[in-house]
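> Quick one, fold the following:
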Amino acid sequence: MPNYEFRCRACGKTFNLILKVAELEKTKVACPHCKSRKVSQVLTSFFAMTSKKS
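Model (predicted):
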């Protein structure tokens, strides 16, 4: 499952959530620190881990 990073516009803190893509679209994300729903998703880098079978 993808790991999403959010920043709260009310308190300014950042936090991570692990959600399925479908959950992200349905869920109203709330800040775990101040419970505000005024959050924005932060663009982050990612890496893909693959296995190479010989």
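> can you give me how far the helix or strand harbouring Arg7 is from the chain middle?
Following DSSP states H and E, one finds Arg7 within strand 3-8. The chain centre lies 4 Å from the centre of strand 3-8; the measure is Cα atoms, centre = their mean, to the nearest Å.
> Whichever helix or strand comes after that strand to strand 3-8, inter-axis angle?
Under the assignment DSSP H and E, the closest C-terminal helix or strand after strand 3-8 is strand 14-18. If you take axes from the mean of the first three to the mean of the last three Cα atoms, to 10 degrees, strand 14-18 sits at 150 degrees to strand 3-8.
> so what strands line up beside strand 14-18?
strand 3-8 (antiparallel) (DSSP bridges).
> Buried residues, the strand holding Arg7. List them.
Tyr4, Phe6, Cys8 (16 or more other Cβ atoms under 10 Å). Placement of C-beta: from N, CA and C, glycine included.
> just checking, the second one touches Leu17?
Right, Phe6. Yes: with contact defined as Cβ atoms under 8 Å, Phe6 reaches Leu17; the gap is 6.7 Å.
> who touches both of these two?
Common contact partners of Phe6 and Leu17 (Cβ atoms under 8 Å, 6 or more residues apart in numbering): Val29.
> Please give me every residue in contact with Pro32.
Applying Cβ under 8 Å, 6+ apart to Pro32 gives the contacts Phe15.
> Next one: the residue lying closest to Cys11 once chain neighbours are set aside relative to Ser51, how far apart?
Using Cβ to Cβ, 6 or more residues apart in numbering and skipping residues adjacent in sequence, the residue nearest Cys11 is Cys34, 4.4 Å away. Cys34 sits 41 Å away from Ser51, going by Cβ to Cβ, to the nearest Å.
> Compare those two and say which is more crowded by neighbours.
Neighbour totals were compared for Cys34 and Ser51, and Cys34 leads with 12 against 4 (other Cβ atoms under 10 Å).
> picking that back up, which of the buried residues of strand 3-8 sits closest to Lys26?
Tyr4 (13.5 Å; Cβ to Cβ).
> Test of understanding: give the bridge partners of that closest one.
Residues in a beta bridge with Tyr4, per DSSP bridges, are Leu17.
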